[in-house]
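**Q** can't give you the sequence, but here's the structure:
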């Protein structure tokens, strides 16, 4: 049975018990988030994260606080449909490895979306991600990978322990998003400053990665955040508008200074680099090939992670195309059914109430849908499912009555 009610509306006798169970399980889940964003990227050590994830899964099942929401059902059906890809996949090994990854991400999504029954648990999950991504950033700087990217020539790109420059930039982009998330949820000016200070360092790391999509993602996050929270306010308060303008000009100068003589600037200024994928194949050609592959296999697709066999071992650099080619039209419909469920709930809540949490969720969904899915493959990214699960869990547990909306309005940090 699918429970799509607002789970925050527990009867008074049951709510304390449910809250206690979830809070206890957070002791298991928060370390898992840190491991997933750090250790899981290290070859050999990733088994530690998988093993601990199994322990968390058992603890979650024993907790008894399990609910199925619509987006969870769509995710499960997407996995079941993906199984048909074994019939068409050129490489069964690539297919099975990717399927195993997606199943692990489903378990992670299922657990997080179930425990995010209140704003406190949401903050725990986000802060755990912040710790993990901070460790990755620190290791990238301390290991010399950042310095090598800064002074190592045109092709030097920082990737840290992640191993892939674009994936590394995506991780840092999500870190920036969460820093802004906490900035909006705290009322303390001191803590607001604390959460803003790391953002310039994050920008430098993104620049060192040489990732165009990572840089565009950063610009999009900052732009969406400013427009949704402060654009109207600047017209009402001229002095604030002047201050913000000066601040943005100063930040723009900072960006230009740090872009000079970097790999990213060279990649941005190359005309062909706008559509360049890898090797001699352009991203436009990859998209065209994805459409051709989908047209030839519209129902079953070619199997998870098997589109690369039609492009010379390249992925599509576009999540929409990759999902279509890998799982066919039915698979894509099920996959994006997850997003439809989440967005419909968000829009319904925002019609009733404005809150920092709901607005930051909108910033994330705009960033994810318009930037990263357009320029990267995200369905196997841990960051995608951690943030989507937090979003889904929180929206599912926002009550639509006045008491629940008051809770949404008061979702401050301190």
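**A** That came in fine, so what should we check first? Remember, it's a predicted structure, so these values are computed and weren't measured experimentally.
**Q** which residues in the protein form strands?
**A** Secondary structure of the chain (DSSP state E): strands at 276-278, 281-282.
**Q** weakest of those strands in terms of mean pLDDT?
**A** Lowest mean pLDDT within these: strand 276-278, at a mean of 49.
**Q** can you pull out the low-pLDDT segments for this protein?
**A** The chain contains residues with pLDDT under 70 at 1-24, 151-155, 256-262, 265, 268-281, 399-414.
**Q** who's in contact with residue 156?
**A** Residue 156 makes contact with 148, 149, 150, 210, 263 under the criterion Cβ atoms under 8 Å, 6 or more residues apart in numbering. For the C-beta atoms, the positions are set from N, CA and C on the backbone; glycine is no exception.
**Q** redo those residues as CSV? Include distance to residue 351 and neighbour count.
**A** Shown next, in CSV, are the contacts of residue 156 (distance: Cβ to Cβ, whole Å; neighbours: other Cβ atoms under 10 Å):
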residue, distance to residue 351, neighbour count
148, 50, 14
149, 45, 26
150, 47, 16
210, 41, 25
263, 45, 22
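**Q** where helices are concerned, which of the residues you listed count?
**A** Among the contacts of residue 156, the ones falling in helices (DSSP state H) are 148, 149, 150, 263.
**Q** just checking, the second one touches residue 157?
**A** Yep, that's residue 149 we're talking about. Yes: taking Cβ atoms under 8 Å as the definition, residue 149 is a contact partner of residue 157 at 5.7 Å.
**Q** need the residues touching each of the two.
**A** Common neighbours of residue 149 and residue 157 are listed as 208, 209, 210, 263 (criterion: Cβ under 8 Å, 6+ apart).
**Q** hang on, the earlier thing: tell me the one of the contacts of residue 156 nearest residue 223?
**A** Closest approach between the contacts of residue 156 and residue 223, by Cβ to Cβ: residue 210, at 21.2 Å.
**Q** can you give me the distance of that closest one to residue 52?
**A** Going from residue 210 to residue 52 by Cβ to Cβ, to the nearest Å gives 33 Å.
**Q** what of residue 264?
**A** For residue 264 relative to residue 52 (Cβ to Cβ), the value is 36 Å.
**Q** could you do residue 346 as well?
**A** 32 Å.
**Q** those two - which one has more neighbours?
**A** In this view residue 346 and residue 52 are compared by other Cβ atoms under 10 Å, and residue 346 has more residues nearby, 20 against 17.
**Q** once you drop chain neighbours, what's closest to residue 128?
**A** Closest residue to residue 128 in three dimensions, ignoring its sequence neighbours and counting by Cβ to Cβ, 6 or more residues apart in numbering: residue 33, at 3.8 Å.
**Q** give the contact list for the closest residue to residue 143 other than its chain neighbours.
**A** Using Cβ to Cβ, 6+ apart and skipping residues adjacent in sequence, the residue nearest residue 143 is residue 160, 7.4 Å away. Residue 160 is in contact with 136, 137, 139, 140, 143, 145, 168, counting by Cβ under 8 Å, 6+ apart.
**Q** now, which of these sits nearest residue 91?
**A** Once Cβ to Cβ is applied, the member of the contacts of residue 160 that ends up nearest residue 91 is residue 168, at 26.1 Å.
**Q** could you check how far the closest one is from residue 345?
**A** Relative to residue 345, residue 168 is positioned 31 Å away (Cβ to Cβ).
**Q** ditto for residue 148
**A** Using Cβ to Cβ, residue 148 is found at 45 Å from residue 345.
**Q** could you do residue 293 as well?
**A** From residue 293 to residue 345 the distance is 33 Å (Cβ to Cβ).
**Q** ok, residue 203 next?
**A** Residue 203 sits 32 Å away from residue 345, going by Cβ to Cβ.
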